[in-house]
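> predicted coordinates and the sequence they were generated for:
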Amino acid sequence: MVQTKRSATAAVAMEGARRSTRSAAARAGAKKVKVEDDEVGVGMKTPPKTPKPRVKKEKEKGEVDDAEMDAALSKAATVVSSSTKGKEKAGVFDAHTLKKLAALGTSPFPDYPYPTPEQCHHIEKALAKWHSYTPRRRAGTPSVQGESVAANCGAVPTVLDALVRTLLSQNTSNRNSSAAARGLYARFGRNQWDKIAEAEVSEVSDSIRMGGLANIKGKRIKAVLEEVKRRHGTHSLEHLRSPDITNEQAMHELVSLPGIGPKTASCVLLFCLARESFAVDTHVFRLTKKLGWVPSKSTREQAFEHLDKRVPEECKFGLHVLLIRHGRECGNCKAEGRGGGGKGGEGCPVLDYLREERSKGGAKEEDVDEEVKEEEEINEHGLTA
């Protein structure tokens with residue numbers, strides 16, 4: 001009975017999604033036909049149409065084929081029905097969200113053999129030794145031992161607070177995003193989601209102005225709160241802590257929210273929910289390219305999809321934290337340029353690894369631009385997360 005209900009839900013959502021992704025093309029076609037008819041003139045016969053050879057249409061950017069749509073809607077329906085215990089039906093998602101959902105849990109480079117589990121363990125141990133630091137989660141808390149992991153990366157007690165703070169960290173520095181969070185809570189109160197939801201977008205945007213991109217982020221926060229309330233009847237995502245919710249289900253629910261991408265969702269899983277996920281920020285992206293763990297032409301989103309699939313569960317937290325520390329401190333690996341500042345590059349475990357791999361005829365060091373930028377352009381779908 002439950003399976004039948006879920007299937008019906010997915011079918012309804014699928015039909016709606018197909019209509020929404022193809023309606024623009026249908027309207028454009030109808031307009032073209034009308035113009036052609038008008039050009040013929042009143043009382044004139046429509047000239048016979050010349051048959052055109054059939055050409056296979058290539059999928060346009062942002063368009064989703066039936067297979068991708070079926071897979072994404074099936075996952076979304078399962079997540080929503082599981083997390084709401086049948087109280088809510090799956091929503092109809094746009095093409096961009098469907099593509100994000102369909103890509104989760106799969107690598108875009110299934111034949112790319114790196115990193116191996118052995119390589120992940122080796123680099124994690126080498127970085128921990130070089131930095132004299134072993135990241136550990138404190139029992140029962142989302143914080144990290146010995147270091148204040150940015151609260152704007154999800155290390156706060158409540159899930160919705162973690163999500164909003166991580167959203168505020170998109171496309172800006174830790175200092176700016178922390179200032180934006182302070183501004184938001186000074187204006188409305190800490191975790192006063194009802195007040196924020198009822199406020200005008202302009203009020204929310206003004207309170208986070210110091211964080212940058214305030215108008216876009218203000219709309220995103222309002223949209224997230226509206227969707228969470230629609231699904232669950234309250235402004236809370238604490239149900240994602242339940243052991244009955246899998247990592248995959250938690251990830252899919254977060255990514256299906258407006259303006260939330262894999263990086264944002266992954267940070268919330270890793271730091272707030274203490275679930276295993278390999279978040280890819282600018283330092284992780286730069287260094288994993290340098291290590292040859294992802295193809296040199298991959299995007300940051302593709303890097304997340306590939307690495308989250310290949311990095312062993314037991315390495316995801318420690319390796320993520322250590323790569324960020326190394327990317328900030330190592331003179332050879334800092335984004336500012338080779339040999340600049342920080343701890344210096346002597347004995348850098350990343351360079352040692354590359355020399356060792358080259359001597360074995362294995363992975364070669366990519367000629368990676370040290371100024372690799374986060375792919376944080378604002379596109380038609382809003383902020384890259």
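Nice, thanks for sending it over.
> give me phi/psi at residue 233?
Dihedral pair for residue 233: phi 80, psi 0, per degrees, to the nearest 10.
> what about the stretch 251-385 of the chain, any weak spots by pLDDT?
Within the stretch 251-385 of the chain, the segments meeting pLDDT under 70 span 336-345, 361-385.
> ranges for the helices of it?
In the stretch 251-385 of the chain, the helices defined using DSSP state H, counting those that start in this stretch lie at 262-267, 282-290, 300-310, 313-329, 349-359.
> quick one: the third one to helix 282-290, angle?
Angular relation of helix 300-310 and helix 282-290 on a 0 to 180 degree scale: 70 degrees, by axes from the mean of the first three to the mean of the last three C-alpha atoms, to 10 degrees.
> and if you look at the last one?
Regarding helix 349-359 and helix 282-290, their directions subtend 20 degrees when assessed with the same axes, to 10 degrees.
> show the contacting residues for residue 106.
Contact criterion C-beta atoms under 8 Å, 6 or more residues apart in numbering gives 305, 309 as the residues in contact with residue 106. Just so you know, the C-beta spots here come from the backbone N, C-alpha and C atoms, and that holds for glycine as well.
> cool, residue 237 as well?
The neighbours of residue 237, taking C-beta under 8 Å, 6+ apart as the test, are 159-160, 163, 228, 253-254.
> where does pLDDT dip in the stretch 51-200 of the chain?
Flagging of the stretch 51-200 of the chain using pLDDT under 70 yields the residue ranges 51-93, 138-155.
> hmm, 50 instead?
Across the stretch 51-200 of the chain, the ranges flagged by pLDDT under 50 are 51-64, 81, 83-90, 139-152.
> for it, which segments count as helices?
According to DSSP H, counting those that start in this stretch, the stretch 51-200 of the chain carries its helices in the segments 66-84, 95-103, 117-131, 159-168, 174-188, 193-198.
> same for the second one, what does it pack against?
Spelled out, it's helix 95-103. Where contact means 3 or more C-beta pairs under 8 Å, 6 or more residues apart in numbering; DSSP states H and E, helix 95-103 is packed against helix 2-40, helix 66-84, helix 247-255.
> angle of it against helix 300-310?
Orientation check (the same axes, to 10 degrees): helix 95-103 against helix 300-310 gives 20 degrees.
> try the fourth one
Following the same axes, to 10 degrees, one obtains 140 degrees for the angle between helix 159-168 and helix 300-310.
> so what secondary structure elements neighbour helix 159-168?
For helix 159-168, the packing partners by 3+ C-beta pairs under 8 Å, 6+ apart come out as helix 174-188, helix 214-232, helix 262-267.
> just name the most buried of the ones you listed.
helix 262-267 (a mean of 26; mean count of other C-beta atoms under 10 Å).
> so what touches it?
Helix 262-267 is touched from outside by 100, 104, 153-154, 162-163, 166-167, 170, 251, 254-255, 277-281, 300-301, 304-305, 308, 384-385, with contacts defined as C-beta under 8 Å, 6+ apart.
> mind checking the helices and strands packed on helix 159-168 for the one nearest to residue 126?
helix 262-267 (23.6 Å; C-beta to C-beta).
> sorry, back to before: nearest approach to residue 95 belongs to which of the helices of the stretch 251-385 of the chain?
In terms of C-beta to C-beta, the element of the helices of the stretch 251-385 of the chain nearest to residue 95 is helix 300-310, at 15.3 Å.
> how about that closest one: buried residues?
Using 16 or more other C-beta atoms under 10 Å as the test for burial, helix 300-310 gives 300-308, 310.
> tell me the one among the residues you listed nearest to residue 200.
residue 301 (32.3 Å).
> what's the spacing between the closest residue to that closest one other than its chain neighbours and residue 125?
Among residues not flanking residue 301 along the chain, residue 262 sits closest, at 6.1 Å (C-beta to C-beta, 6 or more residues apart in numbering). Per C-beta to C-beta, to the nearest Å, residue 262 is found 27 Å from residue 125.
> now the residue nearest to residue 193 when sequence neighbours are not counted: phi and psi?
Spatially, and ignoring its direct neighbours in sequence, residue 193 is nearest to residue 235 (3.5 Å; C-beta to C-beta, 6+ apart). Backbone dihedrals for residue 235, given as degrees, to the nearest 10, come out at phi -90, psi 80.
> what about residue 235, neighbour count?
Residue 235 has 17 neighbours, counted by other C-beta atoms under 10 Å.
> just to check, it is in contact with residue 194?
Yes: under the criterion of C-beta atoms under 8 Å, residue 235 is in contact with residue 194, at a separation of 6.4 Å.
> quick revisit: what about the helices and strands packed on helix 159-168, which gets the closest to residue 117?
Nearest to residue 117 among the helices and strands packed on helix 159-168 is helix 262-267 (19.6 Å), distances taken as C-beta to C-beta.
> put the alpha carbons of the closest one into PDB.
The C-alpha coordinates for helix 262-267 follow below in PDB (Å, rounded to 0.1, in the frame of the first residue of the first chain):
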ATOM      1  CA  PRO A 262      26.000  19.700  -2.500                       C
ATOM      2  CA  LYS A 263      28.700  21.700  -0.800                       C
ATOM      3  CA  THR A 264      26.300  23.400   1.600                       C
ATOM      4  CA  ALA A 265      24.500  20.200   2.400                       C
ATOM      5  CA  SER A 266      27.700  18.200   2.800                       C
ATOM      6  CA  CYS A 267      29.000  20.700   5.400                       C
END
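> pLDDT score for residue 8?
You'll see residue 8 listed with a pLDDT of 45.
> ok, back up a step: what's the farthest-apart pair in the contacts of residue 237?
Using C-beta to C-beta, the contacts of residue 237 span at most 12.1 Å, a distance reached by 160 and 253.
> neighbour-wise, which of those two wins?
residue 253 (24 against 21).
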